[in-house]
Structure formats: C-alpha cells, structure tokens
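J.: below: sequence and its predicted model.
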Protein chains: 2
Amino acid sequence: MTSSQVADPAFAPHDHSHCTGAGLAWAEDLVAAKGVRLTPVRRRVLEILLEAHRAMGAYDVLQRLAADGFGNQPPVAYRALEFLVENGLAHRIRRLNAFTACRHPGQDHSPAFLICRLCDAVAEAPAAPVRAAMDAAAATLGFAIERSNLEASGLCPACQPVPA
Amino acid sequence: MTSSQVADPAFAPHDHSHCTGAGLAWAEDLVAAKGVRLTPVRRRVLEILLEAHRAMGAYDVLQRLAADGFGNQPPVAYRALEFLVENGLAHRIRRLNAFTACRHPGQDHSPAFLICRLCDAVAEAPAAPVRAAMDAAAATLGFAIERSNLEASGLCPACQPVPA
DNA sequence: CTATTGAATGTTATATCATAACAAGTCAAG
DNA sequence: CTTGACTTGTTATGATATAACATTCAATAG
C-alpha cells in the first residue's frame, strides 16, 4: 500500500453529506461539554476523516493537512488523531494501521469493525452484545477491561460471491 | 519499547513446562494432519514463543533465532510467524505489534486477548460467546467474517488497586 | 542416479508506521 | 504584561514490515 487509503464506506449507500455535518456538530458539543479544545488542526483532521468516509493512514491525513497549510511532519497528524480517538470522535483500526471518524458519536458504544478484505470497506457494527460477552469473559479471569479493539475481516455484502 | 517483549503469562501460576510440550505436540500432529512442514525455523520460533510464554515482537524472536544460528534478517522471523498464525499455532496481537503462541491449539476457538496495560500480561480468554456476538452483528449487515482480532486492554487481577 | 521442480530460507534493500525531544507560538488567568 | 498550560511546528530517529531476488533443500519424475 503506497497510499493506505482504504476504499468505500459502510456497506449501504446513504446521505453522505449528512455524516460530515453531524460529526462536526457532535464535536462542537463535545468541546463545550468537556472543556477540551477543537483546534483548527484537530477540526480539519476530523473533517478529513468524515469526508473520506473511510479508514485513512496517518500519513494520508498528514498529506491533506499539509495541503491545507498545516505542518507536514508526522507528529502533527498523530497528535490530532490521538486527540480525536481519546475523545471518542475517531477510532483506530489496528489491523489497517489506520483511523476512521466515529460514525455514532455520543452513544457509549465500544465499536466493532468489520473490514472487507477485498474492497477495504470498514463498517462500524453494533457491538453492545459483543462488548457484554467480552466483559463476561474478562470477569471470569478477574480482568477489568478499559478499552477494546474488536476487529474482524472478511467479505462485505458487495464482495461476496453470488450464490448459485 | 526498545525491546518489545511483554511481561508475564496468563494471570495465574501454572505448570509452565507443560505448555511447551503440549504446544509442540500439537504442532507435530497438525503437521501430520495438514501436510504442512514444521521446519526447524518454524519449530524453533514456536518453541521460543511457548518458552517465553508472553507476547513477543518479531524482532525479539529474530534475535533469538539469530542466536541459534538461523538467519538474522526480518523476513526470516516474519515468515515463520506468519506460518504459525496461518496454522493456528500462534496469534498476532495487533495492539502490541506482537505474537504469542496459541494456548489452546486445536480447539476451534477464535481467541480474545486481555492485555494488562501495566504489566503487559496477555491472557487468551474463552471467546466463543464473543465470537457469536460478532457473527450476529455481522449478519445484520450481511458481512461474512473470516478472521477476527478481539483485543481488550485494561488491568489484570494483580495490577488492580486493592479495594478499600 | 540425476534432473526438475516447488517450497523454504537467506539476504539486500527499502517501505511504512510511530514517537521522543525540543523550540516556538498561542491564549487565558492573575 | 507576565506567567504557565497547552498546542503546534520541527528535527531526528526508532520500530515495524515487506518486496524482490538469490540460494538451498527435499521430494520425485524420468
């Protein structure tokens, strides 16, 4: 992957412009509520992720930032991304070494990601039951879960072979 | 992390020497069953992981390999590790950029890992219910899961603050 | 027994991802 | 207007991973 942008959004078409607006609106609210600062770089990174509507590598984000006149050194991107992840506005997809804007901000969801190995689409799946099962498993070992990365790869509907 | 070895095994003491023996025994059986080859490098890597009984970075494994007279270039380690993962003898912990020997080889488990953020212990938790929940979530989106990485970080029993 | 072939390993080189450390700017509180 | 906390910019380097090709090895077809 020379450019680690990965294709296409969730698996169904939808009103995309809505995503960006809603995401930014939530971000503004969060800023007010938590007293954290949505600075220009951070806001721009969130916009980039929302607009791309796909998982992006830090260096891809960085390239876009640089094009907009922000710093073009890796820490600039990584710091903004870290901020967004910390504050629930974005997620890190470890399997792809990539980041994606949160699709359901505000809901206390610990997300699960479904990653298509053919088209690289990434969907954020409803994960409450998954999280519950994880908690149960952890409880039997006395382990206290703080954060989780739940990622699965496979085939999205569009990439599955048609049944005969 | 200069050396990405991460500490200590599952959260309870146990007969450790048993692990190595059992793991290797399973590996031998698997070889016979699948017609794949457990070559010296691969076998040694598995031993290293079993003996370490913790998650190890590819470069840590490589160092040990080199000390045993095997090649000391990254692909040597990565290839052997990939083989072990593909064949269910080891797992990749993406959160740690590390690998660990499978603790329950042969059981068709899609494992979930609990990673202590203080002592770096990694436990392989019973994950059948987690996997079931993931499958259910995926089904609602028409996504077909092939492989999954289920990882959680938090505090292991030993590292949790004692209650007042 | 050798020639062929496919798999595995060794090696070189480089790509990709991530962060430490410090300098400089920004902004609000005192 | 100065202090102090935070953010951003920059330099440099560290850590992880793989592409590409050369070499070796083992099984087997001839």
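T.: Cool, got the structure.
J.: just the pLDDT for residue A:112.
T.: Note on residue A:112: pLDDT of 95.
J.: same check, this time on residue A:51
T.: 93.
J.: nearest residue to the middle of chain A?
T.: Nearest to the mean C-alpha position of chain A, counting by C-alpha atoms, centre = their mean, stands residue A:100 at 2.5 Å.
J.: what is the helix or strand it falls within packed up against?
T.: In this assignment (DSSP states H and E), residue A:100 forms part of strand A:98-101. Packing partners of strand A:98-101 (3 or more C-beta pairs under 8 Å, 6 or more residues apart in numbering or on different chains; DSSP states H and E): helix A:40-52, helix A:58-67, helix A:74-86, strand A:90-93. (Each C-beta comes from the backbone N, C-alpha and C, glycine too.)
J.: which of the residues in that strand are buried?
T.: In terms of neighbour count (16 or more other C-beta atoms under 10 Å in any protein chain shown), strand A:98-101 has its buried residues at A:98, A:99, A:100, A:101.
J.: cool, and stretch A:129-147?
T.: A:129, A:130, A:131, A:133, A:134, A:135, A:137, A:138, A:141, A:143, A:144, A:145.
J.: now swap in stretch A:94-110 and tell me
T.: A:94, A:95, A:96, A:98, A:99, A:100, A:101, A:102, A:103, A:105, A:109, A:110.
J.: what's in contact with the strand holding residue A:100?
T.: For strand A:98-101, the surrounding residues in contact (C-beta atoms under 8 Å, 6 or more residues apart in numbering or on different chains) are A:4, A:6, A:19, A:23, A:46, A:49-50, A:53-58, A:61, A:81, A:84-85, A:89-93, A:113, A:122, A:124.
J.: how about the CA coordinates for that strand, as PDB?
T.: What follows is strand A:98-101, C-alpha atoms only, in PDB (Å, rounded to 0.1, in the frame of the first residue of the first chain):
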ATOM      1  CA  ALA A  98      -5.500   3.400  10.100                       C
ATOM      2  CA  PHE A  99      -8.000   5.800  11.600                       C
ATOM      3  CA  THR A 100     -11.700   6.500  10.900                       C
ATOM      4  CA  ALA A 101     -14.200   9.000  12.100                       C
END
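J.: could you point out which element follows it?
T.: The helix or strand immediately downstream of strand A:98-101 is strand A:112-116, counting by DSSP H and E.
J.: adjacent strands (with direction) for the very next helix or strand once past that next one?
T.: Proceeding N to C from strand A:112-116, the next assigned helix or strand is strand A:122-125, under DSSP H and E. Strand A:122-125 has these partner strands in its sheet, going by DSSP bridges: strand A:112-116 (antiparallel).
J.: tell me how far the partner strand lies from the chain's centre.
T.: Offset of strand A:112-116 from its chain centre (C-alpha atoms, centre = their mean, to the nearest Å): 11 Å.
J.: residues contacting it, please?
T.: So strand A:112-116 is contacted by A:55, A:91, A:93, A:95-96, A:100, A:121-127, A:130, A:150-156, A:158-159, B:134, B:137-138, B:141, B:143, B:145 (C-beta under 8 Å, 6+ apart).
J.: OK, contacts around residue A:49?
T.: Counting by C-beta under 8 Å, 6+ apart, residue A:49 makes contact with A:56, A:61, A:84, A:90, A:99, A:100, A:101.
J.: just give the closest residue to the residue nearest to the centre of chain A, not the sequence neighbours.
T.: The shortest distance from residue A:100 to any non-neighbouring residue, by C-beta to C-beta, 6 or more residues apart in numbering or on different chains, is to residue A:55 (4.4 Å).
J.: how about residue A:126?
T.: Closest to residue A:126 by C-beta to C-beta, 6+ apart is residue B:137, at 5.5 Å.
J.: looks like that neighbour contacts residue A:127 (just checking).
T.: Yes. Using C-beta atoms under 8 Å, residue B:137 is in contact with residue A:127, at 6.2 Å.
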